[in-house]
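Asker: no sequence for this one, just the structure:
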Ligand SMILES: Cc1ncc(COP(=O)(O)O)c(C=O)c1O
Ligand SMILES: N[C@@H](CCOP(=O)(O)O)C(=O)O
């Protein structure tokens, strides 16, 4: 299995190299050269299997032998042993044909744990072979950061720097990032929004002297291994509801487009997904792009679903690469236009995207109303991101079962949930003392040179 860049000019890599590289050296994102297809029988055989077994079977074809089967099974087992639900990703029925896939039972209470816990294991195994030391720099709108710190904290050969937008994540999210006491994790509150943080991370990758000097690695969904690990739960949920014998739909609360891109990959592997629905909050650039054929940023607007407060959705580049017939030069040109504000999607590409994805948006009031109604009718609390998904899914439920991804635990966003229901969700026992822990955070400017100096200095100090 070989990995190629969406911009067409970076070296072609194997799985291990692509995982450790993060962003491609031409600024693009790595994708598999070909997507393996599963037969009807192979998909049917996944039904009822434990999550770990589905993970092994779905991901194995992408590894190109980088891990032996025994080694890979061991890494998967370790990755998911800390989850707080035996099913890992339980399905809960919402309506006659509507289900929630709960992806928040991992250690940091968001879907990011599914991939981050596993790439934590895979990267450590890869580093143990070479004896290398790496520096991870990541951008977060709240959840990736805490998941990354949890997966890598305390390791002697890894430093983790997480840039989060100052004042724009929930207090629980912030404390998850500022309270780990291990010296190898660094919480950096940037003066800017998530798009600024993500742009600075990409700038660091595009500065080769810096990148090679600190041996930079990425754990955002620019890293193909992150997306791959997220493909698994599409198979797990769909086969639990009758796939491949019947089709299912998925609605995905979307920001950086990594999670829904994983669903797209599952479909290309042969999983019968009849609708793949992008659900956005008021930062509705993706919904607008599909409706109007124009991808144009207009500034991130803070919302009550802050993890989705994103305009420049990194992984949309991977979808564009396929929509433009895998023409790397065309994608590179579009990304150049995006830096100046946006671009028109060509008619052919738009038809491909509209044939693949549906979309919808959910306003702030609608988000609150869904959380309130869900509580009234089920007695359960919903996180605002999942509520965005539920609202948009309801507009797309058809004959096939619709599965909405519940991407975070309500306790990560207690203010919004309390505003909607009057009930303040409590943190689970393993995080019960979060508000009593000391915080450690550095306020940083939105300035590449200053950030690089800080990273260099801290890496040298350790
Ligand atoms: C809780 C939550 N829901 C949804 C999303 C959007 O996922 P993606 O960025 O993969 O589109 C995020 C951020 O990634 C998130 O943290
Ligand atoms: N919503 C994310 C944003 C980063 O997304 P990623 O999937 O590219 O890591 C977050 O919570 O940080």
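Answerer: Good, I have the coordinates. These numbers were taken from a predicted model, which means no experiment stands behind them. Ligands and ions are numbered 1, 2, ... in the order given.
Asker: how about stretch 361-379, does it get close to ligand 1?
Answerer: No - for stretch 361-379, no contact with ligand 1 is found by C-beta under 6 Å from any ligand atom; the gap never falls below 12.1 Å. Where you see a C-beta, it was placed from the backbone N, CA and C, and this is true even at glycine.
Asker: contacts for that stretch?
Answerer: 94, 279-282, 284, 287, 303-305, 380-382, 384, 387-388, 390-392, 416-417, 419-421, 423 (C-beta atoms under 8 Å, 6 or more residues apart in numbering).
Asker: what about the strands in the stretch 1-150 of the chain?
Answerer: Along the stretch 1-150 of the chain, counting by DSSP state E, counting those that start in this stretch, strands occupy 3-5, 30-32, 91-95, 98-102, 134-139.
Asker: Pull out the buried residues from the fourth one.
Answerer: To tie it back to what came earlier, the one meant is strand 98-102. 98-102 (16 or more other C-beta atoms under 10 Å).
Asker: Can you flag the buried ones in the contacts of stretch 361-379?
Answerer: Buried among the contacts of stretch 361-379 (16+ other C-beta under 10 Å): 94, 279-282, 284, 287, 303-305, 381-382, 384, 387-388, 390-392, 416-417, 420-421.
Asker: Rebuild the buried residues of strand 98-102 as TSV, extending it with distance to residue 124.
Answerer: Formatted as TSV, the buried residues of strand 98-102 follow (distance: C-beta to C-beta, whole Å):
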residue	distance to residue 124
98	39
99	34
100	32
101	28
102	27
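Asker: Farthest pair within those?
Answerer: 98 and 102 (13.8 Å; C-beta to C-beta).
Asker: so what does the helix or strand where residue 331 lies touch, helix or strand wise?
Answerer: Counting by DSSP states H and E, the element that carries residue 331 is helix 328-339. Helices and strands touching helix 328-339, by 3 or more C-beta pairs under 8 Å, 6 or more residues apart in numbering; DSSP states H and E, are helix 316-323.
Asker: what about the helix it packs on, average pLDDT?
Answerer: Averaging pLDDT along helix 316-323 gives 98.
Asker: Can you name the residues in contact with that helix?
Answerer: Contacts of helix 316-323 (C-beta under 8 Å, 6+ apart): 6, 28-29, 31, 227, 257, 261, 264, 286, 289, 295, 327-328, 331, 334-335, 345, 348-350, 352-353, 356-357.
Asker: do that again at 7 Å, thanks
Answerer: 6, 28-29, 31, 257, 261, 264, 286, 331, 334-335, 349, 352-353 (C-beta atoms under 7 Å, 6 or more residues apart in numbering).
Asker: In helices, which of those residues appear?
Answerer: 261, 264, 286, 331, 334-335, 349, 352-353 (DSSP state H).
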